[in-house]
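Chemist: Using only what follows, build the 3D model:
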Amino acid sequence: MITDCKIKENVFELVAALPNNFWGRNQDRLHALYERILENERKVDVLQEHINRMPLEYVLKVDFLRELQQMHDNFKQINAKLDKLIEKL
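Modeler: Numbers count the residues shown, from 1 in each chain. Take a look at the predicted model:
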């Protein structure tokens, strides 16, 4: 999934180009950064697996409910505008 992305390739190219004295000074920070990247990749993989396991009906119901809520909000705005127009008349 994410392990084959372009970003990772660019990071490895960048790391290979660093001078030797850089490694001695910043090895711990680079290792911590690499660990954070791996942890974030794991989190994204878990989220993707979770989404893939969600039943299609549930996703469609959530989308339908979201659309209903948007329609309700739009009708509220229309009613508020109509009330203002009626008050002016």
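
Chemist: So the chain: which segments form each domain?
Modeler: 1-53, 55-89 (automatic domain parsing).

Chemist: Would you format the ones you listed as TSV with mean neighbour count and mean pLDDT included?
Modeler: For the C-beta atoms, the positions are set from N, CA and C on the backbone; glycine is no exception. Formatted as TSV, the domains of the chain follow (neighbours: other CB atoms under 10 Å; pLDDT from 0 to 100):
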stretch	mean neighbour count	mean pLDDT
domain 1-53	10	75
domain 55-89	9	87
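
Chemist: tell me what the helix or strand containing residue 29 is packed against?
Modeler: Counting by DSSP states H and E, the secondary-structure element that holds residue 29 is helix 20-53. Using 3 or more CB pairs under 8 Å, 6 or more residues apart in numbering; DSSP states H and E as the contact test, the elements touching helix 20-53 are helix 6-16.
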